[in-house]
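Asks: just to be clear, the model below is a prediction. Sequence and coordinates:
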Amino acid sequence: MFINGQWVDAIDGGTFAVTNPATGDVIGNIPDGGAADATAAIDAAHAAQRDWVATTAYSRADLLMGAWRLMGERATELAALMTGEQGKPLKASRAEVTYGADFLRWFAEEARRITGEWLPSSRADQRFLSVKTPVGVVAAVTPWNYPMSMLTRKMGPALAAGCTLVLKPAEATPLCAKAIFDCFIDAGVPDGVINMVTASNPAPIGDVFTSDPRVKKLTFTGSTAVGRVLAAKAGANLQRVSVELGGHAPFIVYPDADPVHAAKGAAALKFLNSGQACISPNRLYVHRDHADAFIDTMVPRVAKVKAGIGTAEGVGVGPLVNEAAVAKVAAQVDDARAKGAEVPVGGMRLTDDGLDAGHFYAPTVVTGVTDDMTIYREETFGPVAPIIVYDDVEQVIDLANDTNYGLAAYVYTKDLSTAIRAMEGLRFGIIGINDVNPTSAAAPFGGMNDSGLGREGGREGIAEYLETKLAGIAL
Ligand code: NAD
């Protein structure tokens, strides 16, 4: 753990093991912190806040640029670490390092654009000046699926705004968090500005984060169930809250789309990170006119996706995070099969060729999916593409919106009016139009309804860490 500029053990001396999800090998032992460690980290962040807020935006930007540069220089080692700890193929880890680093560069630039406003008054002898100030100490909780970029997406804007921070990374990926902290430390971050508490049991840390009055903001990425609980606790103490939660993304192929292009997009997108992405397409609505062409394009492509250990040549899909994840995916596919769906490719756990020690599920396509199947309603978080054939173009937006989630949605069409009407009608925070990667450090990321509150990235991303202060001035 990292508290007040020092790598430290847990106060009670406990540790927990970190394993490689592809092999089951133990790859590290990490301090197992508790409530007292979390409080010590908040002590440090609180003590550092006064000096950090007094730094110039230029020096904060320089620090972030320094950390960005170090992530670039260390990209190969960071990617190897990520593949070993999280499981995604090396190429995908490299892409995440670049994506994650880009948040530091973007928010380094945004740091210098925090400005105020001179406002009119109805009184001739009065002026108003509105300025932005950092919210103060930030508590951050991050997931394992994107174990570096989910940190930089929070640390970048927090530090740029002038906030100090306490992080609790996911218990599955603390080594990635440590490597990101090393970039900040080597870039010269002052003691106490960033702090990290690791724990095998996150609940006591969450309780401290949401009850300590010195914490002014909670930022969380993870499941809707945990986000809801933490947001409620933080809300009770009037902490600011940003929560990026689960998703159940629809992927709509309109009659005027090119079904082959759409199927290639779906096959590329669905299996990224083994489907363990909150913006992964989970319901593929394909118009009946295109069903055959779409399925005939997608199935052979998916059949060619090689599952395996992320360091091996040609591997396109790594393991799932743990056994519970494999069981959840298997249960969804089995339920769909029992209710009449077909599984033209995949549909089973993978244990051959040395994969038995890891948590592997085959890249899978399920056809004939209907709304009575669990997979239609529940977020999958695995390498399964469920295809739903629809007839009525007028109804497909209602079908896509028929979920409590509202994070990402995808639309394939060649018609501009269809695209715009779909974007306007879909209740989702991020919409890919003929595009499978609608994300960037420069673009606001976040969802509606059960997918969360607030946005990360873009101009919005730094606003979440600032509050407005007004001066009314009598002349
Ligand atoms: P999770 O909610 O179980 O865990 C997320 C983080 O919360 C981890 O660090 C975990 O240790 C911590 N946590 C769990 N219980 C806690 C508690 N009581 N107090 C404090 N911290 C606690 O989710 P997960 O399994 O790690 O991630 C998968 C989920 O995250 C999926 O639903 C996915 O859609 C979502 N996700 C969303 C985004 C997004 O930006 N919207 C990004 C990545 C993942």
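Replies: All right, it came through fine. Numbering: from 1, shown residues only.
Asks: low-confidence regions, the chain specifically.
Replies: With pLDDT under 70 as the threshold, the chain has no low-confidence stretch at all.
Asks: what does it put close to the ligand?
Replies: Counting by C-beta under 6 Å from any ligand atom, the residues of the chain lying close to the ligand are 141-146, 168, 170-171, 202-203, 205-206, 221-223, 226, 230, 244-247, 278, 379, 381, 407, 452. The C-beta positions use only the backbone N, C-alpha and C, and glycine is treated the same way.
Asks: how does it look with 5 Å?
Replies: The chain has residues 141, 143, 170, 202-203, 206, 221-223, 226, 244, 246, 278 near the ligand, with proximity defined as C-beta under 5 Å from any ligand atom.
Asks: now for the lengthiest helix in the chain, which elements pack on it?
Replies: What stands out as the longest helix in the chain, according to DSSP state H, is helix 90-111. Counting contacts by 3 or more C-beta pairs under 8 Å, 6 or more residues apart in numbering; DSSP states H and E, helix 90-111 is packed against helix 57-73, helix 75-86, helix 149-161, helix 458-463.
Asks: I'd say residue 81 and residue 175 touch.
Replies: Yes - taking C-beta atoms under 8 Å as the definition, residue 81 is a contact partner of residue 175 at 6.0 Å.
Asks: more neighbours: which of these two?
Replies: Per other C-beta atoms under 10 Å, whichever of residue 81 and residue 175 has more neighbours is residue 81, with 22 against 19.
Asks: what sits closest to the more buried one if chain neighbours are left out?
Replies: If you skip the residues right next to it in sequence, residue 81 has residue 179 as its closest partner in space, 5.6 Å away by C-beta to C-beta, 6 or more residues apart in numbering.
Asks: assign the one you found to helix, strand or coil.
Replies: Secondary structure assignment for residue 179 (DSSP: H, G, I helix; E, B strand; the rest coil): helix.
Asks: and it, what does it touch?
Replies: By C-beta atoms under 8 Å, 6 or more residues apart in numbering, the residues touching residue 179 are 74, 77, 78, 81, 148.
Asks: for the fourth one, what are its contacts?
Replies: Right, the one you point to is residue 81. Under the criterion of C-beta under 8 Å, 6+ apart, the contact list for residue 81 reads 175, 176, 179.
Asks: again, only this time at 10 Å
Replies: Listed by C-beta atoms under 10 Å, 6 or more residues apart in numbering, the contact partners of residue 81 are 27, 28, 74, 93, 97, 147, 148, 173, 175, 176, 178, 179.
Asks: which one of these sits closest to the ligand?
Replies: Taking C-beta to the nearest ligand atom as the measure, residue 173 is the one of these closest to the ligand, at 8.6 Å.
Asks: surely the closest one meets residue 20?
Replies: No - contact criterion C-beta atoms under 10 Å: residue 173 and residue 20 do not qualify, at 11.2 Å.
Asks: any shared contact partners between these two?
Replies: 85, 86, 87.
Asks: wait, which of those is closest to the ligand?
Replies: Relative to the ligand, the closest of the shared contacts of residue 173 and residue 20 is residue 86; by C-beta to the nearest ligand atom it sits at 11.1 Å.
Asks: burial measure for the nearest residue to residue 293 once chain neighbours are set aside, as a count.
Replies: With C-beta to C-beta, 6+ apart as the measure, residue 259 is the residue that lies nearest to residue 293, at 4.1 Å, once sequence neighbours are left out. A count of neighbours around residue 259, defined by other C-beta under 10 Å, yields 23.
Asks: circling back to that earlier point, by neighbour count, which of the contacts of residue 179 wins?
Replies: Highest count within the contacts of residue 179 by other C-beta under 10 Å belongs to residue 148, 28 neighbours.
Asks: so which residue is dead centre in this protein?
Replies: Centre of the chain computed as the mean C-alpha position; nearest residue by C-alpha atoms, centre = their mean is residue 150, 5.2 Å away.
Asks: distance-wise, check that one relative to residue 447.
Replies: When C-beta to C-beta, to the nearest Å is the yardstick, residue 150 and residue 447 sit 14 Å from each other.
Asks: try residue 70
Replies: 31 Å.
Asks: show me which of these two is the more surrounded one.
Replies: The residue with more neighbours, out of residue 70 and residue 447, is residue 447; 27 against 20, by other C-beta under 10 Å.
Asks: who has more neighbours, residue 173 and residue 20?
Replies: More neighbours surround residue 173 than the other of residue 173 and residue 20, with 26 against 21 (other C-beta under 10 Å).
Asks: name the nearest residue to that one, ignoring sequence neighbours.
Replies: Closest residue to residue 173 apart from its sequence neighbours, by C-beta to C-beta, 6+ apart: residue 147 at 3.6 Å.
Asks: okay, now the one you found: neighbour count?
Replies: For residue 147, the neighbour count with other C-beta under 10 Å is 27.
Asks: do the same with the one 4 residues further on
Replies: By other C-beta under 10 Å, the residues close to residue 151 number 27.
Asks: make 7 the starting number, not 1.
Replies: Yep, numbering from 7; the last one is residue 157 now.
Asks: where do the helices sit along the stretch 307-456 of the chain?
Replies: Using DSSP state H, counting those that start in this stretch, the helices of the stretch 307-456 of the chain run over 329-344, 380-383, 402-407, 422-431.
Asks: any idea how far the second one is from the middle of the chain?
Replies: Between the mean C-alpha location of helix 380-383 and the chain-wide mean there is a distance of 22 Å, by C-alpha atoms, centre = their mean, to the nearest Å.
Asks: remind me what it packs against, helices and strands.
Replies: Applying 3 or more C-beta pairs under 10 Å, 6 or more residues apart in numbering; DSSP states H and E, we find helix 380-383 packed against strand 287-293, helix 329-344, strand 390-396.
Asks: reformat the ones you listed as CSV; add mean neighbour count.
Replies: Converted to CSV, these look like this (neighbours: other C-beta atoms under 10 Å):
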stretch, mean neighbour count
strand 287-293, 25
helix 329-344, 18
strand 390-396, 24
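Asks: out of those, which is closest to residue 480?
Replies: Across these, residue 480 has its closest neighbour in strand 287-293 (57.8 Å, C-beta to C-beta).
Asks: angle of that closest one against strand 390-396?
Replies: In terms of direction (axes from the mean of the first three to the mean of the last three C-alpha atoms, to 10 degrees), strand 287-293 departs from strand 390-396 by 30 degrees.
Asks: which elements pack onto strand 287-293?
Replies: Against strand 287-293 (3+ C-beta pairs under 10 Å, 6+ apart) you get strand 255-259, helix 265-276, helix 297-310, strand 370-373, helix 380-383, strand 390-396, helix 402-407, strand 414-418.
Asks: which of those sits closest to residue 437?
Replies: Nearest to residue 437 among the helices and strands packed on strand 287-293 is strand 414-418 (5.1 Å), distances taken as C-beta to C-beta.
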